[in-house]
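>>> Give me coordinates for this.
(chains A and B)
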Amino acid sequence: KNQVEQSPQSLIILEGKNCTLQCNYTVSPFSNLRWYKQDTGRGPVSLTIMTFSENTKSNGRYTATLDADTKQSSLHITASQLSDSASYICVAGGYQKVTFGTGTKLQVIP
Amino acid sequence: NAGVTQTPKFQVLKTGQSMTLQCAQDMNHNSMYWYRQDPGMGLRLIYYSASEGTTDKGEVPNGYNVSRLNKREFSLRLESAAPSQTSVYFCASSAYPGQGNEKLFFGSGTQLSVL
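Predicted coordinates:
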């Protein structure tokens, strides 16, 4: 069964600090790994998409890494801002199917 | 630039009532999807339409029907709502049919409560 597990479930950090969110996936066949940001009351918005051959992808202060051998991905947020408060969803894509994780809820406090 | 527009944003139904959730996209995308999001679970695919004129079941299609009205619009119908259908529903679109690597664009969601 395809699964995507994210950790931690929730996280509180101070504004300006860095943080890293983790994602482990069991998806077969596997072709790509995406990270989405979901603000409260809104739909998910794509942050990064990596194919199985890519190791890292950046989008501003967001940097995603992928290790296809260990089936792990991480999302690193640098110099956090209050607007980073959201849920971050890891999504593993395979042939004609994507599997969503349950998300990490991040709260950035002043 | 509206992107993907869903209506209504909120809805309360009684068990057994019917309703249709509307979705429209203005990005000229070929593929459209309906997902539901429940607490503690990842988004789950209800139905999708790879292209105008086609629809297919996703992971959790029971209790739902869909219509791809034209290239822009994709509606989701609950014929006889049940409390288990209480959820947040998201419509999404992508430029090309889902091969597992498509970039999805989501609407803002419809929060549905079935009493």
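>>> what packs against the helix or strand bottoming out on mean pLDDT in chain A?
Sorting the helices and strands of chain A by mean pLDDT, DSSP states H and E puts strand A:97-100 at the bottom, at a mean of 88. Packing partners of strand A:97-100 (3 or more CB pairs under 8 Å, 6 or more residues apart in numbering or on different chains; DSSP states H and E): strand A:3-7, strand A:86-94. All C-beta spots, glycine's among them, are computed from the backbone N, C-alpha and C.
>>> Given the last one, what are its sheet partners and their directions?
For strand A:86-94, the paired strands and their directions (DSSP bridges) read strand A:32-38 (antiparallel), strand A:97-100 (antiparallel), strand A:104-109 (antiparallel).
>>> What average pLDDT does the helix or strand just after the longest one get?
Put plainly, it is strand A:32-38. Sequence order places strand A:45-51 as the next helix or strand after strand A:32-38, per DSSP states H and E. Averaged over strand A:45-51, pLDDT sits at 93.
>>> ok, residues contacting the helix or strand that comes right after strand A:45-51?
Toward the C-terminus, strand A:45-51 is succeeded by strand A:56-59 as the next helix or strand (DSSP H and E). The contact list for strand A:56-59 (CB atoms under 8 Å, 6 or more residues apart in numbering or on different chains) reads A:47-50, A:63-66.
>>> any idea which of these is closest to B:Thr86?
For those, the closest approach to B:Thr86 (CB to CB) belongs to A:Leu47, at 28.8 Å.
>>> which residue sits closest to the closest one, ignoring its sequence neighbours?
Closest residue to A:Leu47 apart from its sequence neighbours, by CB to CB, 6 or more residues apart in numbering or on different chains: A:Trp35 at 4.5 Å.
>>> how far away is the residue nearest the centre of chain B from chain A?
Nearest residue to the geometric centre of chain B (CA atoms, centre = their mean): B:Trp34, 2.5 Å. The gap separating B:Trp34 from chain A is 12 Å, by CB to the nearest CB, to the nearest Å.
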